[in-house]
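*Asks:* structure of the sequence below:
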Amino acid sequence: QVQLVESGGGLVQAGGSLRLSCAASVRTISTVAMGWFRQAPGKDREFVATINWIGSLTKYTDSVKGRFTISRDNAKNSVYLQMNSLKPEDTAVYYCAAGTSSTIPLVPTTSKFNYWGQGTQVTVSS
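*Replies:* So this is what the prediction gives:
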């Protein structure tokens, strides 16, 4: 059973930065793509970013391109999301997820990821 634990969320002013971390309980995540999703109150969970198994390819949703960076350290069984220039509309619970394949999904929907963390709250004040 894969367990994912997110950390690093919090309250930040608009324009600020946060770095989210996701630690996995097993080394098998080093063989699969990883992703970050977010869910705001009253909205569906949405894709934010994904990275392939070796960290050579990434994909982002348009609204975070140029502001967020996903990375991974397979030696530490960890994935990160560096978030800069945060906006109030980035406010959400952020979830880490392990993919079903080593490659980035063409369409990164929630169905392409089969293990999920419990989420960490990110709140951006204006």
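
*Asks:* how near is the residue nearest to residue 77 when sequence neighbours are not counted to residue 99?
*Replies:* Using C-beta to C-beta, 6 or more residues apart in numbering and skipping the chain neighbours, the partner closest in space to residue 77 is residue 24 (4.3 Å). (Glycine included, C-beta is placed from N, CA and C.) To residue 99, residue 24 is 12 Å away according to C-beta to C-beta, to the nearest Å.

*Asks:* separation between the residue nearest to residue 77 and residue 45?
*Replies:* From residue 24 across to residue 45, the span is 19 Å (C-beta to C-beta).

*Asks:* how about residue 104?
*Replies:* Going from residue 104 to residue 45 by C-beta to C-beta gives 18 Å.

*Asks:* in stretch 11-25, what's buried?
*Replies:* Buried residues in stretch 11-25, counted by 16 or more other C-beta atoms under 10 Å: 12, 18, 20, 21, 22, 23, 24.

*Asks:* that stretch - what's its average pLDDT?
*Replies:* Stretch 11-25 carries an average pLDDT of 97.

*Asks:* first to last residue in that stretch, what's the distance?
*Replies:* Distance across stretch 11-25, first residue to last, is 27 Å (C-alpha to C-alpha, to the nearest Å).
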